[in-house]
Every structure is written in structure tokens, then in C-alpha cells.
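In: Curious how this folds, go ahead:
(one chain, ligands or ions: 2)
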Amino acid sequence: MASARIVDIRAFVLRGGGADYHDQSDGHWIDDNIATPMSRYPAYRKSRRSFGINALGTLVVEVEADDGTIGFAVTTGGEPAAYIVEKHLSRFVIGQKASDIELIWDQMYFATQYYGRKGLVVNAISGVDLALWDLLGRLRQEPVHAMIGGPVRDEIQFYATGARPDLAKEMGFIGGKMPLRYAPVEGNEGMNQAIADLAEMRERVGPDFWLMLDCWMALDLDYATRLAHAAAAHGLKWIEEAISPDDYWGYQSLKKAVPPGMLVTTGEHEATRWGFRMLLEMECCDIIQPDVGWCGGLTELLKISALADAHGKLVIPHGSSVYSYHFVVTRHNSPFAEFLMMAPKADEVVPMFSPQLQGEPVPQNGRIAASALDKPGFGVELDRSLDLARPYKP
Ligand SMILES: C[C@H](O)[C@H](O)[C@@H](O)[C@@H](O)C(=O)O
Ligand SMILES: [Mg+2]
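Out: Numbering: from 1, shown residues only. Ligands and ions are numbered 1, 2, ... in the order given. Predicted structure coming up:
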């Protein structure tokens, strides 16, 4: 293995859930009148799919070594990301040693800096990076967590994101994060309803179960501040991604304005060590939530995590299945993780990236044992019976 070289990289696209987990059918909680920055447009108020939250689809990246070993990963990005992988990033991957992950990352990032830096391009870089870590683990016959320092705990505890924190509590999760379903466009009436819904859920789950609200960038600073203060009466643990990811100054103000004890979190739509440096050095939040499939991959997330640790901040990655589990289990400042409830009614535990990953571990009683991750690479296989298309095959 020591000198295994990469002989091919392939980019496929998939539709229907999986890494692009917003790509669901009607009736799913994840697309039920959730507040967004587009809520002020009636045509786009009810459904996030109406404005294209699922426009991209899943990107599947495969990297093949000269001994025939194949590593892969999935993330959000679809055809445009596949184009970037095949037409631009591939030149930095093919011919390199499978262990030259840092070198490959550096060249992919700085070669695309003139048009990338965040968003789709960094999603594509993340997909390649995760596939490289999977390949290296398969070549070395080691789980990814063992290559980045090994577990610091015996299990990962999860909070659940979904419409039913009451059911999540019964399933053994440590908390429940609900999507905010009223936006500033619905005024005080909407806020009152959001607080009434929170109060009702607090009643159901009791005083100690964590309850959080995910605002998905939908609010302004004034509304977020008023919502936080109204929600404090019902023990809201954190207010998530309340305002635009670009408004570092607004987050800096929000963190000072929320009631004592309430946490401000954000970061799932932030990218690279430089973006998270802004959030950390401007004191924007208490917890950063990078998505390992969107922030630059595992190679970049390790750098982001060390930066956060130096600032005394927790890193709780946005739900990204095994790609974040192998990271979380090895980091002292990642004491728990997110599990996205992908069942339409959030009433049962199903694999987060279903149906794409075979062998994807799911929490039992809200936990995954570190030992469940002890398979080479990220420990999952791609379901090749799915309708994989390779739009930019050379
Ligand atoms: C539940 C939220 O609206 C998003 O759909 C979710 O993907 C993300 O923000 C999260 O934190 O899980
Ligand atoms: Mg979120």
C-alpha cells in the first residue's frame, strides 16, 4: 500500500434523498412550511423544494488506486459538482500517491480559489477529500477514525433533528431540534404560534430534555433576539442559524443579545478554516456546526476543529452520517453529534443517507458505539443498484 497511486477518479450523480437529504417527496416533515430566507415570497413559502433546496442532488465521488481498490464518498452537489470534479479537480488527483491527501487538498483549493472558496466548489472538494480518506482506509485496512487519532470515548451520543422531539426522547436521543415554521413575514402572530408550539413540546418532553430551534437563515437580528427571549421561558437550549451566514456582525450582536444560558449556533453553510476563523474570532456563536461534506472535507474539518478547540468552542458537525461520526468520536470538543430523522414523520430511525449507503450505522437508544465504526475507511458501501449516472465521463 505505501506507494499506491491513484489511477482514476469518477463523479456520479444520484437523485432521491441520500446525501441531498432535502430531496424528498411530499408529506415529509423536512419540507413542511419551514421558515427560510425565501419565506417572504408567497410562491416559495410552503415548500423549500419549490425554490430548489433539492436542485443539486447527490454527488458521488469514486477514486481508484492502481491495485484496484476503490474509495468513495457522497455529498450534495449533483451535476455541477460532478463537472468540477471531472473537468478541474481530477488533474490534482490522478497520478498522486493515495496518502498525499494534504497535497491534493491544497492544490484543489487554491486552483479553484478564483471561483470557489465556499458553496458548491468546496462541496466538490469535500467529496473528493472524503473519497480519498475512504480509499486510504481501505488500502491500510483501517477505519478513518484510527487514522486521525482514534476514539476518545466508547460511544457517540446523538440529538435528533426532526418534527417530533417527543418521539426522539422515547428513542433515547439526548435532545430534539425542531425546524422553525414561522418567519418574520408572519409577524408577531407567527412568533406567538412558534412559541406556543415550543411550549407544547416542552410540556410533552418534560423540563430536562434538550429542545432547540433551527431557523435555517430565515430571520433578522431583531426577530431572532425577540424569539430567543420568548423561547427562554420554555428552556430553549440553542437557537440555530438564525440569520444569514454572511452576517458575522449580526451573529456577534445576537450572541450578546440572547438570554443568559441560551446558546447561539451556526456554521453548516460556512466553509474552510478561514470562514470558521471569522465565526470564532468575531465571537459569533457558542457551537460551530460545519458539514464535513460542505466545509472542505475531513482534511479541512480537522483544521477547523483545532481552531475551535483553541477558542474553547464545541464542534458539533451538521448531520452528515458516517463522514462526521468518524470525526466526532476522535475529538474531545465534539461530545455529541446530530442525527437527522429522515423518516417522513420523524417517527422511526432510518439511515440518514438512505438509500445510498449500505451498512450505514444508525443510533440505537440514541447512541452509536465506537466499535460499530471499526471497518476500513468510512465502513460503508455504495448501493450500486441505484441509478448512478456519470454525466462528464471523459
Ligand atoms: C431542519 C433544518 O431545517 C434543515 O433541514 C437541516 O438540514 C439542518 O439545518 C440541520 O441542522 O439539520
Ligand atoms: Mg441547521
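In: neighbours around the closest residue to A43 other than its chain neighbours, how many?
Out: The shortest distance from A43 to any non-neighbouring residue, by Cβ to Cβ, 6 or more residues apart in numbering, is to S50 (6.7 Å). Every residue, glycine included, has its C-beta placed from N, CA and C. For S50, the neighbour count with other Cβ atoms under 10 Å is 13.
In: Output the lengthiest helix in the chain as PDB, restricted to C-alpha atoms.
Out: Across the chain, the longest stretch assigned as helix under DSSP state H is helix 119-140. Listed next in PDB are the C-alpha coordinates belonging to helix 119-140 (Å, rounded to 0.1, in the frame of the first residue of the first chain):
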ATOM      1  CA  GLY A 119     -20.500  26.600  -1.500                       C
ATOM      2  CA  LEU A 120     -20.600  24.200  -4.500                       C
ATOM      3  CA  VAL A 121     -16.900  24.200  -5.300                       C
ATOM      4  CA  VAL A 122     -16.000  23.400  -1.700                       C
ATOM      5  CA  ASN A 123     -18.700  20.700  -1.600                       C
ATOM      6  CA  ALA A 124     -17.000  19.100  -4.600                       C
ATOM      7  CA  ILE A 125     -13.600  19.400  -2.900                       C
ATOM      8  CA  SER A 126     -15.100  17.900   0.200                       C
ATOM      9  CA  GLY A 127     -16.500  14.900  -1.800                       C
ATOM     10  CA  VAL A 128     -13.100  14.200  -3.300                       C
ATOM     11  CA  ASP A 129     -11.400  14.600   0.100                       C
ATOM     12  CA  LEU A 130     -13.800  12.200   1.800                       C
ATOM     13  CA  ALA A 131     -13.400   9.600  -1.000                       C
ATOM     14  CA  LEU A 132      -9.600   9.900  -0.600                       C
ATOM     15  CA  TRP A 133      -9.900   9.200   3.200                       C
ATOM     16  CA  ASP A 134     -12.100   6.200   2.400                       C
ATOM     17  CA  LEU A 135      -9.600   4.900  -0.100                       C
ATOM     18  CA  LEU A 136      -6.700   5.300   2.300                       C
ATOM     19  CA  GLY A 137      -8.600   3.400   5.000                       C
ATOM     20  CA  ARG A 138      -9.400   0.600   2.600                       C
ATOM     21  CA  LEU A 139      -5.700   0.400   1.400                       C
ATOM     22  CA  ARG A 140      -4.500   0.400   5.000                       C
END
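In: Now do the buried residues in it.
Out: Within helix 119-140, the residues that count as buried by 16 or more other Cβ atoms under 10 Å are 120-140.
In: And for stretch 145-156?
Out: Applying 16+ other Cβ under 10 Å to stretch 145-156 flags 145-148, 151, 153, 155-156 as buried.
In: Also stretch 91-99?
Out: 92-93, 96, 98-99.
In: With distance to ligand 1 added, can I get the residues you listed in TSV?
Out: Listed next are these as TSV, based on distance: Cβ to the nearest ligand atom, whole Å:
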residue	distance to ligand 1
F92	30
V93	29
Q96	33
A98	32
S99	33
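In: nearest to E283, of those?
Out: Nearest to E283, judged by Cβ to Cβ, of these is F92 at 35.6 Å.
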